Each structure stands twice: as C-alpha cells, then as structure tokens.
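Student: predicted coordinates and the sequence they were generated for:
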Amino acid sequence: MSLNSLIESDRAHWIHPVAPWRDHEERGVTVLRSGKGAYLTDIEGHELLDGFAGLWCVNVGYGQESIVAAAAEQMRRLPYATGYFHFGSEPAILLAQKLAERAPGDLDHVYFTLGGSDAVDGVIRFIRYYYNATGRPSKKHMIALDRGYHGSSTTGSGLTGLPSFHLNFDVPGPTQHHIAPPYAYRSDAANDAELIALCVAELRAKVEALGAENVAAFFAEPVIGSGGVIVPPRGWLAAMQATCRDLDILLIVDEVITGFGRTGPLFACEHEGVEPDFMTVAKGLTAGYVPMGALFMSDRIYQAIADNTPSGVPIGHGQTYSGHPVSAAVGLEVLRLYEEGGLLANGQKAGAHFGTRLQELRDHPLVGDVRSLGLLAGVELVTNKVTKARPAKELALPDRMARIGYKNGLIFRAFGDGIIGFAPPICITVDEVDLLVDRFRQTLDELLTIKEIRDAVD
C-alpha cells in the first residue's frame, strides 16, 4: 500500500494504545519499515537511532537472526502447546527453570503471561488467593507509588499512579492507595537519607491508617519508568523491603521495564540485594520480538497456596497463551544473547558512558535534572532552573521535542510534563551513545530557536 493509503487505513481502523484519538487522527501514523541493531528506518527511508528500544523493550536490538531462527524452528516443530490439563512444552519448562535459577531469593516459581499488565494482574489475583486461603481474608488493601506504572488492566491500572490511566475508568478502587515516590528533584528532603526516611514514614503511616491487618502488599518499580524515569536514591528499595517485612505486608517489585540488563545486572533488585515476594517481568524477557511476560512467586507463598488448596480443586487463574512455546523459545535465545552473547556486559559498559555523557547536558538552559541508572535515563526540562518551573502546556514542548528529534534522526519518549525518557537497546555501542547525546543536544538547541520557548526561559 502507499503511505497515504496506510495513513488513511490506520486513521479509520486502528485504535492506538494510550493516544488522544482525535489528535492521532489529525496527525496521522508514522509507519516504520525495518530495523537493524539500534536503528529503525521508516517507510520513507528515514533512519532513526532508537533511543527508547521500541517501548523500553527491544533490549537486544533489531535484526538478531538467531532469535528469528529460534522462533521459526519452534513454529515448525510445535507452534502451540497448552499449559492446561497438565500439558507443557520443552521451551516453556526450560525457560521457567532458567529464570527461577537467576531470580533473587526464593522466587522459584514462574507463571507466564502475555505481557506486563497481565503479569501484575496475575500477582493481584494470587495475593488475594494467598491471604484468603491462609485465613487472613481482611488483607485486601494494596499500596503503590504516585507516578508509578503497573499496567493498564482493569485492576493494575488502579495501582498505576498516573491520572490518564484513571480518568473515566473508575479507578483506583477502594482498596488501592498511593504514597509519594522517591523523587529527589521535586522533594524538600535535604539528602538521600532524609528522602528514604520520609518514604518509609509515609508507608508506615498509610499502613497504620488502613490497619496492618487489612493491608496485603506494596508495589514498586526499582526505577519509576512511565512516571518520568525517577531513579530512587541507593538504599531506598532495600529500606522499603525492610519496612514491608516489619509490617507483615508483601513486597512486589515490578521489573517489567528494569529487568534483563536495562539498569546493568539481569534484574535491578540485584543492586541492593532485594528479595521480593513477587516480581513481574516482560519487555526484555523476549526483547519485544514476541509477546510474553512472567510473574515470579516466592517458594513460601507457592507452598502456602498449594498446602491450603484441597486436592483436586483447580487454582482458577489461566490464559490460553501462558507458556506459549514460540515465545518461550525466543525467551531462551534472548537470555543466551544476554549472557553468552555479551549483551549484558556491553550494556554495562555503554550504560556507564551514557550516564557520563548525559551529565554534560546539565549546562543547557532547558535542562533542570538528569538522572540515570544503566541504560535507563530521564532528562527533566524546565523553563527556570531556580524555581524548577515545568514548561507551560501551551508551549507544546513534548510534541515539538518529538518532531525535532525525529528530524534529527533520534527517537526518545517525550512525557507530557517536560521529562524526556531514554532506554536505548543494550546492544548500543559507545560511539552510538555519543551520537545519541549529540543529536539530543542538537534537538534542545533547535527547541530554543522557537521564539515562544526562548522567551519562556528565565
């Protein structure tokens, strides 16, 4: 089809995720054609350095032929195998084993999903089952962070702390609550230790207000992703874990974005030796090549559920494509590339250089804050560095940034409040990191050539 035909067909039929529908109709779709390594090419032949790895997910980069071969081979041999009725497939069994062997603590049990949202949804269901089965049915309340993201399922969207996921969807529910995130740049805390103490105190206060006997769990991302790439001070997650243990509530760590080398190690929990009760993953699990997510369950909770469910009674949570053999085969090959293919090591090297280069942007008139961990970063734009004033909405900064960046051959995530998110593929080279930062600075400079933006900067 011609580009114009594709745009018209898209406009008429495809409901895009998390988009203003009328704005999308007016703008028209950007059609991507191919990808290789850290680069994408659109249908008109314009090459782009993908600074966001698709949607935080194409960790291994585009065009990895060994992944294509693994998927094709599995499709020929066995394209589908149900996990129901005690059936299974070799790739799903092996992937569950390898993931459990690498997971923190006693996260020895894996349930496969189609992505991150239903992994979170599954955790919520299993938490409810666990407390009901073990005789503590009052423990229903769950706490998460403002600006945190835990998917857009009917239940998970209520734990997500972003207003656009709540508006007109009747969430959060009465058992879903939020506390302040560890947002150093927007906090009055004097230092990291004080910020951590404030977060711990707020969690304790929320649990006390609800009654510890009524609180089931606390959900958190090791780095807040869609809420603006907020990197907590070191020690924050460990402190929140200790608080959860003390209050007898479960800790759920959402590693849908941070898992599989995004922040350096395989899992971001490893930075502080955190061992959650549940952990969710997706994105980097298959590097976006096919849909798949997973939730990890601690052995303690697994055994409690198993022991408190009568023999012959099914535990009624399942999905047709759970443990899909083609997705599992892809997951196995992606994991091999991380470890034996050197991608984890490359991501750690490139991530260190990325963090150093990004700090150079602090001198730019529009840059208020730069924060990063590995190959995950946020650059917060302001119009006044002293007051930390966010860009006025009428300046249309996110849209203008995205358009200028695209022209300059760079993709990033321009959030609505002036924060720019980066999550390049972990296959990115040091030279490509330099190119990314240089193109981004060029984009910032060009933004200042727009009179109303230049005039808004104090």
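Tutor: Structure received.
Student: how far out from the middle of the chain is stretch 118-136?
Tutor: Relative to the centre of its chain, stretch 118-136 is centred 22 Å away, using CA atoms, centre = their mean, to the nearest Å.
Student: now Thr280. Nearest residue, chain neighbours left out?
Tutor: Ala119 (4.1 Å; CB to CB, 6 or more residues apart in numbering). Bear in mind the C-beta positions are built from the backbone N, C-alpha and C, glycine included.
Student: so that neighbour makes contact with Phe126?
Tutor: No: counting by CB atoms under 8 Å, Ala119 does not reach Phe126; the two are 10.7 Å apart.
Student: out of those two, which sits in the more crowded spot?
Tutor: Ala119 (30 against 19; other CB atoms under 10 Å).
Student: just the strands in the stretch 151-300 of the chain please.
Tutor: 176-179, 215-220, 250-254, 278-281, 293-297 (DSSP state E, counting those that start in this stretch).
Student: which neighbouring elements make contact with the second one?
Tutor: Contacts defined by 3 or more CB pairs under 8 Å, 6 or more residues apart in numbering; DSSP states H and E place strand 215-220 against helix 116-133, strand 141-145, helix 236-247, strand 250-254.
Student: joint contacts of Ala119 and Phe126?
Tutor: Overlap of the contact sets of Ala119 and Phe126 (by CB atoms under 8 Å, 6 or more residues apart in numbering) consists of Leu295.
Student: can you give the domain ranges for the chain?
Tutor: Following automatic domain parsing, one gets these domains for the chain: 31-63+342-456, 67-339.
Student: can you dump the C-alpha atoms of stretch 68-86 in CSV for me?
Tutor: The C-alpha trace of stretch 68-86 is given here as CSV (Å, rounded to 0.1, in the frame of the first residue of the first chain):
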residue,chain,number,x,y,z
VAL,A,68,14.3,-15.3,14.2
ALA,A,69,15.7,-18.8,13.6
ALA,A,70,14.7,-20.0,17.1
ALA,A,71,11.1,-18.8,16.6
ALA,A,72,10.9,-20.3,13.1
GLU,A,73,12.3,-23.7,14.3
GLN,A,74,9.8,-23.8,17.1
MET,A,75,6.9,-22.9,14.9
ARG,A,76,7.8,-25.8,12.5
ARG,A,77,8.2,-28.3,15.4
LEU,A,78,5.3,-27.2,17.7
PRO,A,79,3.7,-23.8,17.1
TYR,A,80,1.4,-24.1,20.2
ALA,A,81,1.1,-26.2,23.3
THR,A,82,-1.4,-25.5,26.1
GLY,A,83,-0.3,-25.3,29.7
TYR,A,84,-3.7,-26.5,30.8
PHE,A,85,-4.6,-30.2,31.6
HIS,A,86,-1.0,-30.8,32.8
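Student: so for whichever helix or strand Gly368 is part of, mean pLDDT?
Tutor: Per DSSP states H and E, Gly368 falls inside strand 367-373. What strand 367-373 shows for mean pLDDT is 98.
Student: sorry, back to before: tell me the contacts of the residue nearest to Thr280?
Tutor: Applying CB under 8 Å, 6+ apart, one finds that Ala119 lies in contact with 113, 151, 256, 280-282, 293-295.
Student: ok, back up a step: give me the helices and strands touching the strand holding Gly368, please.
Tutor: On a contact count with 3+ CB pairs under 8 Å, 6+ apart, strand 367-373 meets helix 343-359, strand 376-381.
Student: contacts for stretch 76-95, please.
Tutor: Defining contact as CB under 8 Å, 6+ apart, one finds that stretch 76-95 is touched by 74, 110, 112, 318, 320, 322-326, 328-329, 331-332, 335.
Student: relative to Gly416, how far out is Ala402?
Tutor: Distance of Ala402 to Gly416, given as CB to CB, to the nearest Å: 11 Å.
Student: nope, Ser117 is what I meant
Tutor: The gap separating Ser117 from Gly416 is 20 Å, by CB to CB.
Student: much appreciated, bye for now.
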